[in-house]
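Engineer: whatever this is, show me its structure:
(2 chains)
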Amino acid sequence: MNRESIVTAVNESLVDGFEIPPEKLTPNATLFEDLELDSLDAVDMMVYLEEKLSIKVDANEFKDVRSLEQVYDLVQKMSSNLEH
Amino acid sequence: MKVVITGVGAMSSIGNDGNEIFENLSENRSNVQFYPAWTDANGLKSHLGAPVKDYDNKVIPRNVRRSMSRMSEMAFLATVDALKMANIEIEKDHSYDRTLICMGSTTGSPETLMKYYRKYIENNGPQGQLSTSFFKVMNHSVPANVALGLGFSGPMISPSSACSTSSQTIALAYELIRAGVYDVAITGGADELDVTSAAIFDVALAASTSFNNSPEKAPRPFDKDRDGLVVSEGAGIVVLESEEHAKKRGVGILGEICGAAYHCDGTHMSQPKVSSMAHTMKRALFIGDVSPEEINYVNAHATATTFGDIEESLAIESVFGSKTPTSSLKGHFGHSLAACGALEIISGLEMMSHETLIPTRNLDQPDPKCGSTNLIQKPIGSPLNFMISNNFAFGGMNTSIVLGKYK
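Structural biologist: Next comes the predicted model:
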């Protein structure tokens, strides 16, 4: 899965699942401050991403994610793990 | 100490405020519909439901709405209306000690419960579950979500007794205010329409099954052709307050809770007992120091079940004789389960202010087995100083509330 399709899929999850305005979805946006998500949202975000992208997200690694860019990175890593 | 009503809020199949509800009651309307999808439920014979009309849940902020099922959304919106009417503004970051939230539902969200366990079984474990699901299915989901939405920090309790839930919340809060524990109580109940609700009554042979092709003819409380209830949904919220506190605030008073009783009969889970129902009504009258002769109207629970309507009617006859006008509003609302008691109190307040008693919808030919109770079939213009409202639930739970015009 290429970077562009990952960005699109993650952003769609945030718009559809969490009603975040698309204009707020910049790579540097922080999940908890800029996007106003919290720990419950983070758990649900993992579920959305797992279902949407058919990947398995490591909850321990996801706990350290702070920015949207880091979400893209983690999803890319998880999807490439699957491809190998 | 008098306990008065200073605000009400409603979401129901026939209206989302007192005025709209009274208009539809007066025009003899219902919103009972046929649900084609329910015909796919194996073994289900009742395919009728009475939904609340569409509402905009997006007015509730997402971070609050995410843990709300439909029943909590409706309860929250009705609470906002009730507090506005009562001129009460909940201040965030303020710790309330003398304001109570007392609300409940039959269970947590049946829709979410079904989704949760379906996925759990499919995945053989919790894989893929949303973190917010539990907050929709826990038994105190309705008041917890209402409190969260309001930013309310204070006492909260969640009574649950199926169809008598909201009347029980009113009765409990009435007692607590009278005892001087609280000045204000935000009471009521909510339930959401779901095929599994219909199934519960269908299995117990208590749901309407003969009118799937003519929804407007069901349910038919007290009618000789009744064949069971029609499930509905909604939220009814009633703000109770000590008279002294309401007067000090200078807020308008809509009515008075004069007495309330909640007794279980301890003899059968689903078959009501005449003597227990009658005793509950008498107890509410005794507590309120109101005589049966002073009651101008009986608002019956009567859901249109074959057995329950007869038993209730005979109980009413044994307490009030054959003259006191009596009707059930289930023919209009359907059976909104945990919400019905509060919605019927709200309807009673409307009847009081309009001095009009609403007859039972679809009562064409009263069942002779219901005895000689005065089951009204036409609207009656009448001063309404005192009424009694009954709600009876599975589990042998009986509640009666005496509502008075405030003087």
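Engineer: state the number of residues packed around B:Ile287.
Structural biologist: Other residues lying near B:Ile287 total 18 when counted by other CB atoms under 10 Å in any protein chain shown. No exception for glycine: its C-beta is placed from N, CA and C like everyone else's.
Engineer: got it, and B:Tyr35?
Structural biologist: 20.
Engineer: equivalent analysis for A:Ala29, please.
Structural biologist: A:Ala29: 16 neighbours (other CB under 10 Å).
Engineer: and chain A, which residues reach chain B?
Structural biologist: Within chain A, the positions adjacent to chain B are A:Phe18, A:Glu19, A:Glu36, A:Asp38, A:Leu40, A:Asp41, A:Val43, A:Asp44, A:Val47, A:Glu50, A:Glu51 by CB under 8 Å from any CB of the partner chain.
Engineer: just for chain B, where's the confidence low?
Structural biologist: Scanning chain B for pLDDT under 70 picks out nothing.
Engineer: center of it - which residue?
Structural biologist: B:Cys340 (1.7 Å; CA atoms, centre = their mean).
Engineer: skipping adjacent residues, who's closest to whatever residue of the stretch 151-300 of chain B ends up closest to chain A in space?
Structural biologist: For the stretch 151-300 of chain B, the residue closest to chain A is B:Gly151, as judged by CB to the nearest CB, at 15.9 Å. Once flanking residues are discounted, B:Gly151 sits nearest to B:Lys92: 3.6 Å by CB to CB, 6 or more residues apart in numbering or on different chains.
Engineer: okay, and the one you found sits in which element?
Structural biologist: B:Lys92 belongs to no helix or strand when elements are defined using DSSP states H and E.
Engineer: quick check: it vs chain A, distance?
Structural biologist: 17 Å (CB to the nearest CB, to the nearest Å).
Engineer: from what I see, that residue and B:Gly154 are in contact.
Structural biologist: No. If you go by CB atoms under 8 Å, B:Lys92 and B:Gly154 don't touch, sitting 11.7 Å apart.
Engineer: which of these two has more residues huddled nearby?
Structural biologist: When neighbours are counted by other CB under 10 Å, B:Lys92 and B:Gly154 differ, and B:Gly154 comes out ahead with 18 against 8.
Engineer: just list the residues touching the closest residue to the more buried one other than its chain neighbours, thanks.
Structural biologist: Excluding its sequence neighbours, the residue lying closest to B:Gly154 (CB to CB, 6+ apart) is B:Tyr96, at 3.1 Å. Residues near B:Tyr96 by CB atoms under 8 Å, 6 or more residues apart in numbering or on different chains: B:Ile90, B:Phe152, B:Ser153, B:Gly154, B:Pro155.
Engineer: likewise for B:Leu363?
Structural biologist: B:Leu363 neighbours (CB under 8 Å, 6+ apart): B:Arg220, B:Pro221, B:Phe222, B:Asp223, B:Ser327, B:Gly331, B:Leu375, B:Gln377.
Engineer: now, of the residues you listed, which are buried?
Structural biologist: B:Arg220, B:Pro221, B:Phe222, B:Asp223, B:Ser327, B:Gly331, B:Leu375 (16 or more other CB atoms under 10 Å in any protein chain shown).
Engineer: not counting its neighbours along the chain, what's nearest B:Gly188?
Structural biologist: B:Ile237 (3.8 Å).
Engineer: which helix or which strand is home to that neighbour?
Structural biologist: strand B:234-242.
Engineer: who are the neighbours of that strand, in terms of helices and strands?
Structural biologist: Contact here means 3 or more CB pairs under 8 Å, 6 or more residues apart in numbering or on different chains; DSSP states H and E; on that basis strand B:234-242 packs against strand B:3-12, helix B:70-85, helix B:165-178, strand B:184-191, helix B:340-354.
Engineer: remind me which residues of chain A are low pLDDT?
Structural biologist: A:82-84.
Engineer: how close does the closest residue to chain B within it get to A:Leu49?
Structural biologist: Proximity of chain A to chain B (CB to the nearest CB) peaks at A:Val43, 4.0 Å away. Distance, A:Val43 to A:Leu49, using CB to CB, to the nearest Å: 11 Å.
Engineer: so the two - more neighbours on which side?
Structural biologist: The neighbour count for A:Val43 versus A:Leu49, taken as other CB under 10 Å, is higher for A:Leu49 (25 against 16).
Engineer: now for the strand or helix carrying the more buried one, which elements pack on it?
Structural biologist: Using DSSP H and E, A:Leu49 maps to helix A:39-53. With contacts defined as 3+ CB pairs under 8 Å, 6+ apart, the packing partners of helix A:39-53 are helix A:3-18, helix A:59-62, helix A:68-83.
Engineer: turn these into a markdown table, including mean neighbour count and distance to B:Ser161.
Structural biologist: Listed next are the helices and strands packed on helix A:39-53 as a markdown table, based on neighbours: other CB atoms under 10 Å in any protein chain shown; distance: least, CB to CB, whole Å:
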| stretch | mean neighbour count | distance to B:Ser161 |
| --- | --- | --- |
| helix A:3-18 | 16 | 36 |
| helix A:59-62 | 12 | 40 |
| helix A:68-83 | 17 | 46 |
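Engineer: what are the buried residues along stretch B:284-299?
Structural biologist: Of the residues in stretch B:284-299, B:Ala284, B:Leu285, B:Ile287, B:Gly288, B:Val290, B:Pro292, B:Ile295, B:Asn296, B:Tyr297, B:Val298, B:Asn299 count as buried by neighbour count, 16+ other CB under 10 Å.
Engineer: could you do stretch B:207-225 as well?
Structural biologist: B:Ala207, B:Ser208, B:Phe211, B:Asn212, B:Pro215, B:Lys217, B:Ala218, B:Pro219, B:Arg220, B:Pro221, B:Phe222, B:Asp223.
Engineer: chain center to that stretch, what's the gap?
Structural biologist: Computed by CA atoms, centre = their mean, to the nearest Å, the chain-centroid distance of stretch B:207-225 equals 20 Å.
Engineer: likewise for stretch B:94-110?
Structural biologist: The answer for stretch B:94-110 is 15 Å, by CA atoms, centre = their mean.
Engineer: end-to-end on it?
Structural biologist: 33 Å (CA to CA, to the nearest Å).
Engineer: returning to that earlier point: whichever of the contacts of B:Tyr96 end up buried, select them in PyMOL.
Structural biologist: Burial among the contacts of B:Tyr96 is assessed by 16+ other CB under 10 Å; the matching PyMOL selection reads:
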select buried, chain B and resi 90+152+154+155
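Engineer: now the contacts of B:Tyr96 as TSV including secondary structure and distance to B:Ser26?
Structural biologist: Shown next, in TSV, are the contacts of B:Tyr96 (DSSP: H, G, I helix; E, B strand; the rest coil; distance: CB to CB, whole Å):
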residue	secondary structure	distance to B:Ser26
B:Ile90	coil	34
B:Phe152	coil	35
B:Ser153	strand	41
B:Gly154	coil	38
B:Pro155	coil	38
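Engineer: now, the most widely separated pair of the contacts of B:Tyr96?
Structural biologist: Taking CB to CB as the measure, the contacts of B:Tyr96 span a maximum distance of 13.2 Å, between B:Ile90 and B:Pro155.
Engineer: perfect, I'm done here.
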